[in-house]
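S.K.: how would this look folded up:
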Amino acid sequence: MSGHSKWSSIKHKKGKLDSQRSKVFTKIIRELTVAARSGGSGDPDSNARLRSAMLAAKEANMPGDTMKKAIQRGTGELPGVTYEEMNYEGYGPCGVAIMLEIVTDSKNRTAAEIRNMFSKYNGNLGEVGCVGWMFHKKGLIVVDKKKATEDQLMEIVLDVGGEDITDIGTGFEITTKPESLHAVKEALSKKGITPDSAIMSMIPSNTIKVEDKDAEKVLRLIEALEEHDDVQNVYANFDIDESVIEKISG
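M.R.: Take a look at the predicted model:
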């Protein structure tokens, strides 16, 4: 399992997402708009991608009116910017595979900025397909160990689309079929278990162990990419101890 989910979880606990709420909102608004447009419907019941985007918006405490307007721009009910979607792929320090999901209104500008960012942080932007084959789309749910045991989680999630449960130190990662993310989250909620996060993710088939100064180099690149306005999601196959992540992120 990718250590990147541990990085995201730790950042959330430290409040970095709250301190950058406007940036988080910008990314979610773009995803709502694109999901409504590409899914052909503003109805979350018939548009799984939009349903996931709305879940992310609610978890970020986005106002309902803001969410509604973003969806209406996607369906064409309101005017708005035309966004392009694309994936960028490359390598970070130590050969760590990195995959980016991009939503931009200027393809050329974004490409130049992302390429420069990779170079600045000792990485290389590659061709499409160079690392994409390593990643598989899954639902990813993180539950704190204080909320449930592994056995309790297994009893709840395996019958509703949960595929695997992994111990990540302070919590458990539950992977699901993409179409089962919402059902698994609802099943947990009915048992009084509120996940720390529930997102659609790209899970790597293998990981690379990274330590010491190399770990810092990898995380600095990941953090820089995440903060770019046009980068919706960053996926990577690094394996870094949680204690090291906490020390660096602190």
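
S.K.: Disregarding residues adjacent in the polypeptide, which is nearest to residue 214?
M.R.: Distances taken as CB to CB, 6 or more residues apart in numbering place residue 94 nearest to residue 214, at 5.1 Å, with adjacent residues excluded. For the C-beta atoms, the positions are set from N, CA and C on the backbone; glycine is no exception.

S.K.: Let me see the contact set for the one you found.
M.R.: By CB atoms under 8 Å, 6 or more residues apart in numbering, the residues touching residue 94 are 208, 210, 214, 217, 218, 238.

S.K.: same thing but 10 Å
M.R.: Residue 94 makes contact with 122, 123, 208, 209, 210, 211, 214, 215, 217, 218, 238 under the criterion CB atoms under 10 Å, 6 or more residues apart in numbering.

S.K.: In PDB, could you pull the C-alpha coordinates for stretch 110-117?
M.R.: C-alpha atoms of stretch 110-117 as PDB (Å, rounded to 0.1, in the frame of the first residue of the first chain):
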ATOM      1  CA  THR A 110       0.300  23.800 -16.700                       C
ATOM      2  CA  ALA A 111       2.600  21.400 -18.700                       C
ATOM      3  CA  ALA A 112       5.500  23.900 -18.400                       C
ATOM      4  CA  GLU A 113       4.900  24.500 -14.700                       C
ATOM      5  CA  ILE A 114       4.700  20.800 -13.800                       C
ATOM      6  CA  ARG A 115       7.800  20.000 -15.800                       C
ATOM      7  CA  ASN A 116       9.700  22.700 -14.000                       C
ATOM      8  CA  MET A 117       8.500  21.500 -10.700                       C
END
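
S.K.: returning to that earlier point: make a PyMOL selection of the buried ones in the contacts of residue 94.
M.R.: This is how PyMOL selects the buried members of the contacts of residue 94, with burial counted by 16 or more other CB atoms under 10 Å:
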select buried, resi 123+208+210+214+215+217+218+238
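
S.K.: would you list the contacts of residue 94 in JSON lines and tack on distance to residue 100 and pLDDT?
M.R.: Output for those, formatted as JSON lines (distance: CB to CB, whole Å; pLDDT from 0 to 100):
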{"residue": "122", "distance to residue 100": "17", "pLDDT": "94"}
{"residue": "123", "distance to residue 100": "11", "pLDDT": "95"}
{"residue": "208", "distance to residue 100": "18", "pLDDT": "92"}
{"residue": "209", "distance to residue 100": "22", "pLDDT": "92"}
{"residue": "210", "distance to residue 100": "19", "pLDDT": "91"}
{"residue": "211", "distance to residue 100": "24", "pLDDT": "88"}
{"residue": "214", "distance to residue 100": "21", "pLDDT": "92"}
{"residue": "215", "distance to residue 100": "20", "pLDDT": "91"}
{"residue": "217", "distance to residue 100": "18", "pLDDT": "93"}
{"residue": "218", "distance to residue 100": "15", "pLDDT": "93"}
{"residue": "238", "distance to residue 100": "15", "pLDDT": "91"}
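
S.K.: how close does residue 82 sit to residue 103?
M.R.: Separation of residue 82 from residue 103 (CB to CB, to the nearest Å): 11 Å.

S.K.: Can you add distance to residue 50 and give the contacts of residue 94 back as a markdown table?
M.R.: Below are the contacts of residue 94 laid out as a markdown table (distance: CB to CB, whole Å):
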| residue | distance to residue 50 |
| --- | --- |
| 122 | 37 |
| 123 | 32 |
| 208 | 34 |
| 209 | 37 |
| 210 | 36 |
| 211 | 40 |
| 214 | 39 |
| 215 | 36 |
| 217 | 37 |
| 218 | 33 |
| 238 | 31 |
